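> show me the folded form of this:
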Amino acid sequence: MVVRLLAEPVRWRLVRELASSDRRVRELTEALGQPQNLVSYHLGRLRAGGLVTARRSSFDRRDTYYRLDLDGCAEALAGAANAVHPGLALLSAAVAEQAGGTGGPLRRVLFVCSGNSSRSPMAEGLLRQRAGLLVEAASAGIAPKPVHPDAVAVLRERNGIDISGHRPTSVAAVARERFDCVISLCDKARESCPEFAGRPALVHWSLPDPASGEDGVAGYAAFERAAAELDIRIGYLLPGLASAARR
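Predicted structure coming up:
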């Protein structure tokens, strides 16, 4: 049961760390102050429990990024709540919905990937659609190149969003602007980002490049997968942005 799995202190701290950003083992080891073999063991338990997933870094194949499976966690926790009392699961859903729609000061979010041609403009478009006037979304790339036609087609077909007019932007051109949160979407971008003004929260989502055929998925299907994962992550991002705005 998920409650028993998360009751272990090291696993609970791992989940809390991964809730904010994808991490490598050495980063988790440093954050928890625990030996690597112990951290790896508990990551294995969380993966077996369906709460955490892993993928090889596209920047350095010797590295592995771990991420929290947010949908998996939500389903497991809802199931645990329902096992105690059906009303608890309904209450949790209502609280999450309320948190996602809460207003507050405008938050500025920047998405960064290597080329600002697919992942980051898709994320920008999805966040704008979901957040409306609550969040100002922007995107940039380490080495900008034209927006990929499959990124345009997938967002138009899947979400009714038109990013055909997107103009790729260099991350260096926006580094002096103030953002509340900067989210890197590829491992290369994470390692190459400059320092940003105002010390924004730095978050990493390790997504494969849909244009490269990483992880064995290529063509239009890779862009569909990227859009689907971004949509899920952005859905969970919004309550966090609203909560930070109220603090």
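> going forward, measure contacts and count neighbours with C-alpha atoms only.
Fine.
> break the chain into its domains for me.
Per automatic domain parsing, the structural domains of the chain span 1-100, 107-246.
> what helix or strand is Ala54 on?
Using DSSP states H and E, Ala54 sits within strand 52-56.
> could you point out the helix or strand that follows that strand?
Next along the chain after strand 52-56, taking DSSP H and E as the criterion, comes strand 64-68.
> if you count contacts, what does that following strand end up packed against?
helix 9-20, strand 23-24, helix 25-32, strand 52-56 (3 or more C-alpha pairs under 8 Å, 6 or more residues apart in numbering; DSSP states H and E).
> residues touching the first one, excluding its own?
To tie it back to what came earlier, the one meant is helix 9-20. The contact list for helix 9-20, computed with C-alpha atoms under 8 Å, 6 or more residues apart in numbering, reads Leu5, Leu6, Leu28, Leu32, Val39, His42, Leu43, Leu46, Tyr66, Arg67, Leu68, Val203.
> run through this structure and note the low-pLDDT ranges.
Along the chain, the parts satisfying pLDDT under 70 run over 86-105, 242-247.
> give me that answer again for 90
Within the chain, the segments meeting pLDDT under 90 span 1-3, 58-62, 72, 74-107, 130-134, 188, 191-192, 211-218, 238-247.
> coming back round to it: for the helices and strands packed on strand 64-68, which one sits closest to Gly165?
Minimum separation from Gly165 across the helices and strands packed on strand 64-68 (C-alpha to C-alpha) falls at helix 9-20, 31.1 Å.
> list the buried residues in the closest one.
Buried residues in helix 9-20, defined by neighbour count with 16 or more other C-alpha atoms under 10 Å: Val10, Arg11, Leu14, Val15, Glu17, Leu18, Ala19, Ser20.
> okay, angle between the lengthiest helix in the chain and helix 9-20 too, please.
When the chain is parsed with DSSP state H, its longest helix is helix 220-246. Here helix 220-246 points in a direction 100 degrees away from that of helix 9-20 (axes from the mean of the first three to the mean of the last three C-alpha atoms, to 10 degrees).
> which parts of helix 220-246 are buried?
Residues of helix 220-246 classed as buried: 222-227, 230-231, 233-235, 238-239, 241-242 (neighbour count, 16+ other C-alpha under 10 Å).
> and it, what does it pack onto?
Judged by 3+ C-alpha pairs under 8 Å, 6+ apart, helix 220-246 is in contact with helix 70-84, helix 86-100, helix 119-131, helix 149-159.
> with distance to Arg156 as new columns, can the buried residues of helix 9-20 be given to me in JSON lines?
Shown next, in JSON lines, are the buried residues of helix 9-20 (distance: C-alpha to C-alpha, whole Å):
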{"residue": "Val10", "distance to Arg156": "43"}
{"residue": "Arg11", "distance to Arg156": "40"}
{"residue": "Leu14", "distance to Arg156": "37"}
{"residue": "Val15", "distance to Arg156": "34"}
{"residue": "Glu17", "distance to Arg156": "34"}
{"residue": "Leu18", "distance to Arg156": "31"}
{"residue": "Ala19", "distance to Arg156": "29"}
{"residue": "Ser20", "distance to Arg156": "29"}
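> now flag whichever of the residues you listed is closest to Pro149.
Nearest to Pro149, judged by C-alpha to C-alpha, of the buried residues of helix 9-20 is Ser20 at 30.9 Å.
> so who does Leu127 touch?
So Leu127 contacts Val135, Ala137, Ile234 (C-alpha under 8 Å, 6+ apart).
> nope, Leu185 is what I was after
Contacts of Leu185 (C-alpha under 8 Å, 6+ apart): Phe111, Val112, Cys113, Arg119, Ser120, His204, Trp205, Ser206, Leu207.
> tell me the one among those residues nearest to Ala173.
When the contacts of Leu185 are ranked by distance to Ala173 (C-alpha to C-alpha), Val112 comes first, at 12.2 Å.
> what residues does the closest one make contact with?
By C-alpha under 8 Å, 6+ apart, Val112 lies in contact with Ser120, Ser139, Ala140, Gly141, Ile142, Val171, Val182, Ile183, Ser184, Leu185, Cys186, Ala189.
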